[in-house]
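S.K.: Structure for this input, please:
(one chain, ligands or ions: 1)
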Amino acid sequence: MSKFTMDADWLPFHPNPSKPVFTPPAGAVDAHCHVFGPGDKFPFAPERKYTPCDASAAQLFELRDFLGFSRNVVVQATCHGKDNRAMVDALVQSNGKARGVASVGPDITMEELQEMHDAGVRGVRFNFVKRLVDATPKEVFLGIAEKIAKLGWHIVVYFEAQDLAELEPFLKQLPTTIVVDHMGRPDVTRDADGPEFARFFNLMAENENIWSKVTCPERLSVTGPDTYDDVVPFAKKLVEAFPDRVLWGTDWPHPNMKSHMPDDGKLTDFIPRIAVTEEARQRLLVDNPMRLYWPEEANS
Ligand code: 0GY
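M.R.: Numbering: from 1, shown residues only. Predicted coordinates for the structure are as follows:
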């Protein structure tokens, strides 16, 4: 019997996703995914806001191969707090085929960061989504940013569209490459060419160190599965305007989905609708993530 019981309304990941019609290019990277536990081996954090199902590194790598990806970027999930052991263990198990993004506190030492670097961590995540984490003072984040910049790491930020105006000055202070999760969570019932999304679009246009994950149609969509049509114009717009600063990922095992659990094969088929040329897909899935996470092996 596991020590942990997943939340009563928790939706576990899809047990048998379909085979995508789209074949990702050779060397494609799933640049946003997580592992959960297993809780008996890597306990969930006491301060967590949800208790998920277990989702192991072995299951993640099986999905990677099934969908036709070659590598993963494993992002520390908030249910593990600042205990990065499950994520780091996934990197170690991957034989160099996974890099990681950690969550750390202000007391983290350069030695601890170097140890994570040696295991494959290349970034930290600053989370501003109130339902996921308690607030962290900006000075604390700035102190962490200064430390991780020394290792050449980048910063992943997760926030919701309504918080962007308040966050903008802070984002501009960060000294590294910044990767924004899920396009800054736009309200996709609005026009992708309208003033709301323009704020995020202009932020990217004016700051060349800001990248975006064009991820999570399943989270953002109001029209819903399997095609998530309403998200297409937003993601496509970013892929076309910033072809060298976009990343894509499955977000497996899809924490906190309440409306439905996406079929990861169908999610993969979303890619050619937002990156409509072979060249755009090569950048989105291979060149960009390689430059950020495996620069020593990148061709461009
Ligand atoms: C995501 C989105 C979510 C959760 C987390 O670390 C997390 O717990 O990132 C969410 O609930 O929106 O990117 O996986």
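S.K.: OK, contacts around S70?
M.R.: With contacts defined as C-beta atoms under 8 Å, 6 or more residues apart in numbering, S70 is in contact with 26-29, 64, 97. In short, each C-beta sits where N, CA and C put it, glycine included.
S.K.: what about 10 Å?
M.R.: 24-30, 64, 97, 285-286 (C-beta atoms under 10 Å, 6 or more residues apart in numbering).
S.K.: ditto for E160
M.R.: So E160 contacts 128-131, 167, 182, 184-187 (C-beta under 10 Å, 6+ apart).
S.K.: Okay, and which of the contacts of S70 map to strands?
M.R.: Among those, the members falling in strands (DSSP state E) are 29-30.
S.K.: what's the closest of the contacts of S70 to D244?
M.R.: Distance to D244, by C-beta to C-beta, is smallest for V286 among these, at 12.1 Å.
S.K.: Now list the buried members of the contacts of S70.
M.R.: When those are checked for burial by 16 or more other C-beta atoms under 10 Å, the buried set is 24, 27-30, 64, 97, 285-286.
S.K.: Neighbour-wise, which one of the contacts of E160 leads?
M.R.: Greatest neighbour count in the contacts of E160, by other C-beta atoms under 10 Å, goes to G184: 25 neighbours.
S.K.: Quick check: that residue vs P289, distance?
M.R.: 19 Å (C-beta to C-beta, to the nearest Å).
S.K.: Get me the contact residues on the stretch 201-300 of the chain for the ligand.
M.R.: 251, 255-256 (C-beta under 6 Å from any ligand atom).
S.K.: I'd like to know which of the residues you listed are part of helices.
M.R.: If you go by DSSP state H, these have nothing in helices.
S.K.: Check the burial of M290 by counting its neighbours.
M.R.: M290 - counted by other C-beta under 10 Å - has 20 other residues nearby.
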